[in-house]
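>>> Fold the following.
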Amino acid sequence: MKDSIRMVVILTAVPIFMAVIAVLTTSKWYILTIIFPLIVITMALGLSERLRVMITLHVDKDVMYVGDELEVRLTVNVDGGFGLLMIRAPPIPGSSMAEGFNLVKGTNVHVVFKGFGKVSREFNYTLRAVKRGYYSLDSIEYVFYHGLGIHEPIKGSVKTDSSIQVLPRVKIVRRVLGLAKPRQGIPKYPPSRLGPYSTEFRSVRNYVTGDPYKLINWKATARNPEGRLMVNEYEREGLRTAIIIMDTGWWMRHGTVEENPLEYGISLTLSLSRVLLRYGYNVGLWVMPMGPRVMPSSGMDQYQRLLRVLMVIKALPIKGYVVDQVLLRIVQETKPVVVIITNLTRDNVNRLGGLIRELPVRILVIDVIPDTILMRNLIQNPPCTHWFVRDRNRLYAILPKNVKVITWDPACEGIGLVMSRVSAYIGRWL
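Okay, here's the model as predicted:
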């Protein structure tokens, strides 16, 4: 406001000064120098109306998968003022949405000229989701520059309430060879006992974290000389169990922001869980080293629980793995198949071996190798070879004997292929 007043004063003083000179010199040419400032003053006073900006943003979906495209429509209405309006719509540089979306069509930055009348404009652009997560559209930023420069640029923003949920890409597999649906009765394999509780009493044992309180045997607790809590243990219905352990160490970030062992591991976990749950298995999830866990259960509601956890996990620097006592108890009771998804390196192979030695069951390690992904930055269309696999055989030799390793190069092999290999082992082991 001070700048506009200063300019009006200057433009007013100039014609007055020139009028005095014109009177003293009786020259007609000085009269022309009086007209132009007066015209500018008239325009400046006429265009000093307060700026009013209305911007709305619409998206064609609020839930999508990685790789899907998002259509964005931007509607701009401007009233008052005279000059240029620069608009920057989401994704704003530096925001989380800028990491999760790429601009594939159009532009999210627009410049609108505001003349003497009202202005209405509509812009469209297309984004492609490249990373899972929950994204808020936050706000739309704008800057208004007055045409005559009578005031400083006006900066503002318009808040939006829209948010986008980007789900990991899931491979839909209708049938997997090697898997059999669990049957009631006495199967030929040792049944997992992590189905619903039956009414058949089995034994009394010490309480372990995670046991339901309703199973506490208060009489046995009172008789216990050490004062420990005792619980009744009942037989469980014979559903087979698979537990997936997701590694979230820093080595899971090797690759790019969009393509790395963690992102591919999440897609594999969801795809595999979907198949196992459809076949009637109990599926549980542990995020290592100290992340959230999802207790083993069956049904498609369990799939949604797994999805909610996997949507928010991130790879972080860690010093080692800690065995969850709840996981250890479930492994000892149910003898499940354990699937560990990781990226084996010299930094974590010994730590992972220590974790495996504490789990007395067969373990399947899926080694997601990012080497071909990294080579894409150096070589266009790098060939798919087994050089990286041969180099990792030294690491595999360090692991305990109860481990079977499946090497997966996601840049060369699809999720369907690795799932068929995993299901073959699960079908034989359970």
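>>> Leaving out sequence neighbours, find the closest residue to residue 71.
residue 60 (4.3 Å; C-beta to C-beta, 6 or more residues apart in numbering). (C-beta placed from N, C-alpha, C; glycine too.)
>>> Contacts made by stretch 348-360 with the rest, please.
247, 249, 251, 288, 320-321, 323, 327-328, 331-332, 338, 340, 342, 344, 363, 365, 395, 398-400, 402-403 (C-beta atoms under 8 Å, 6 or more residues apart in numbering).
>>> just stretch 382-402 next, same as before
With C-beta under 8 Å, 6+ apart as the criterion, stretch 382-402 contacts 344-346, 349-350, 352-353, 356-357, 360-363, 365, 367, 369, 371-372, 375-376, 405, 407, 409, 411-412.
>>> Could I have the CA atoms of whatever helix or strand residue 352 lives in written out in CSV?
Residue 352 belongs to helix 349-357 when elements are defined using DSSP states H and E. Provided in CSV are the C-alpha atoms of helix 349-357 (Å, rounded to 0.1, in the frame of the first residue of the first chain):
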residue,chain,number,x,y,z
VAL,A,349,23.6,-61.5,6.3
ASN,A,350,25.1,-62.3,9.7
ARG,A,351,22.4,-60.4,11.5
LEU,A,352,19.7,-62.2,9.6
GLY,A,353,21.4,-65.5,10.2
GLY,A,354,21.2,-64.8,14.0
LEU,A,355,17.5,-64.1,13.7
ILE,A,356,16.9,-67.3,11.7
ARG,A,357,18.7,-69.5,14.3
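>>> and this protein, what are its domains?
2-46, 52-166, 202-208+212-224+228-233, 237-429 (automatic domain parsing).
>>> Same list, those domains, but as JSON lines with distance to residue 172 please.
Below are those laid out as JSON lines (distance: least, C-beta to C-beta, whole Å):
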{"stretch": "domain 2-46", "distance to residue 172": "62"}
{"stretch": "domain 52-166", "distance to residue 172": "11"}
{"stretch": "domain 202-208+212-224+228-233", "distance to residue 172": "35"}
{"stretch": "domain 237-429", "distance to residue 172": "7"}
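>>> Among those, show me which one is buried the most.
Stretch with highest mean neighbour count among the domains of the chain: domain 237-429 (a mean of 18; mean count of other C-beta atoms under 10 Å).
>>> Just the mean pLDDT for it, thanks.
Average pLDDT, domain 237-429: 87.
>>> How far off centre is the helix or strand containing residue 145?
Assessed by DSSP H and E, residue 145 sits inside strand 139-146. Taking C-alpha atoms, centre = their mean, to the nearest Å, the mean C-alpha location of strand 139-146 is offset from the chain mean by 29 Å.
>>> Give me the helices and strands touching that strand, please.
strand 52-59, strand 83-88, strand 154-159 (3 or more C-beta pairs under 8 Å, 6 or more residues apart in numbering; DSSP states H and E).
>>> okay, it in CSV with CA atoms only?
Taking C-alpha atoms only, strand 139-146 is exported to CSV below (Å, rounded to 0.1, in the frame of the first residue of the first chain):
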residue,chain,number,x,y,z
SER,A,139,-2.9,-26.3,-1.3
ILE,A,140,-2.8,-24.4,-4.6
GLU,A,141,-0.3,-21.5,-4.6
TYR,A,142,-0.5,-18.3,-6.6
VAL,A,143,1.3,-15.0,-7.0
PHE,A,144,-0.3,-11.8,-8.5
TYR,A,145,1.9,-9.2,-10.2
HIS,A,146,0.1,-5.8,-10.8
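>>> where do the helices sit along the stretch 1-150 of the chain?
2-25, 29-46, 96-100 (DSSP state H, counting those that start in this stretch).
>>> The stretch 301-430 of the chain: helices as residue ranges?
325-334, 349-357, 371-375, 387-396, 415-429.
>>> can I get those helices in JSON lines with distance to residue 284?
As requested, the helices of the stretch 301-430 of the chain are arranged in JSON lines below (distance: least, C-beta to C-beta, whole Å):
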{"stretch": "helix 325-334", "distance to residue 284": "7"}
{"stretch": "helix 349-357", "distance to residue 284": "16"}
{"stretch": "helix 371-375", "distance to residue 284": "29"}
{"stretch": "helix 387-396", "distance to residue 284": "25"}
{"stretch": "helix 415-429", "distance to residue 284": "14"}
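>>> wait, which of these is closest to residue 80?
With C-beta to C-beta as the criterion, residue 80 lies closest to helix 371-375 of the helices of the stretch 301-430 of the chain, at 52.2 Å.
>>> what's in contact with the closest one?
254, 255, 256, 259, 260, 382, 384, 388, 409, 410, 411, 412.
>>> give me that answer again for 7 Å
255, 256, 259, 382, 384, 388, 409, 411, 412 (C-beta atoms under 7 Å, 6 or more residues apart in numbering).
>>> What I need now is those residues written out in a markdown table, including distance to residue 54 for each item.
Converted to a markdown table, those look like this (distance: C-beta to C-beta, whole Å):
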| residue | distance to residue 54 |
| --- | --- |
| 255 | 43 |
| 256 | 39 |
| 259 | 40 |
| 382 | 50 |
| 384 | 53 |
| 388 | 55 |
| 409 | 51 |
| 411 | 47 |
| 412 | 51 |
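>>> Going by distance to residue 159, which of the residues you listed wins?
residue 256 (31.7 Å).
>>> gap between the most centrally placed residue in the chain and residue 303?
By C-alpha atoms, centre = their mean, the chain has its centre lying nearest to residue 133, at 2.5 Å. Noted for residue 133: a distance of 18 Å to residue 303, by C-beta to C-beta, to the nearest Å.
>>> Same question for residue 74.
In terms of C-beta to C-beta, residue 74 sits 36 Å off from residue 303.
>>> Chain neighbours aside, what residue packs nearest to residue 305?
residue 294 (5.1 Å).
>>> pretty sure the one you found is in a strand, no?
Yes: under DSSP: H, G, I helix; E, B strand; the rest coil, residue 294 sits within a strand.
>>> For it, which residues are in contact?
284, 285, 305, 306, 309.
>>> and the first one, which of the three is it?
The three-state label for residue 284, taken from three-state DSSP, comes out as strand.
>>> pretty sure it contacts residue 296?
Yes: using C-beta atoms under 7 Å, residue 284 makes contact with residue 296 at a distance of 3.4 Å.
>>> Common neighbours of these two, please.
241, 243.
>>> of all the domains of the chain, which lies closest to residue 173?
domain 237-429 (5.3 Å).
>>> List the contacts of residue 207.
216, 228, 229, 230, 231.
>>> could you dump stretch 274-283 to CSV, C-alpha only?
What follows is stretch 274-283 as a C-alpha-only set of coordinates in CSV (Å, rounded to 0.1, in the frame of the first residue of the first chain):
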residue,chain,number,x,y,z
ARG,A,274,-4.1,-62.7,-1.3
VAL,A,275,-3.5,-66.1,-2.7
LEU,A,276,-2.9,-67.8,0.6
LEU,A,277,-6.0,-66.2,2.2
ARG,A,278,-8.1,-67.3,-0.7
TYR,A,279,-6.9,-70.9,-0.2
GLY,A,280,-7.8,-70.7,3.5
TYR,A,281,-4.4,-70.2,5.1
ASN,A,282,-3.7,-68.1,8.2
VAL,A,283,-1.4,-65.3,7.2
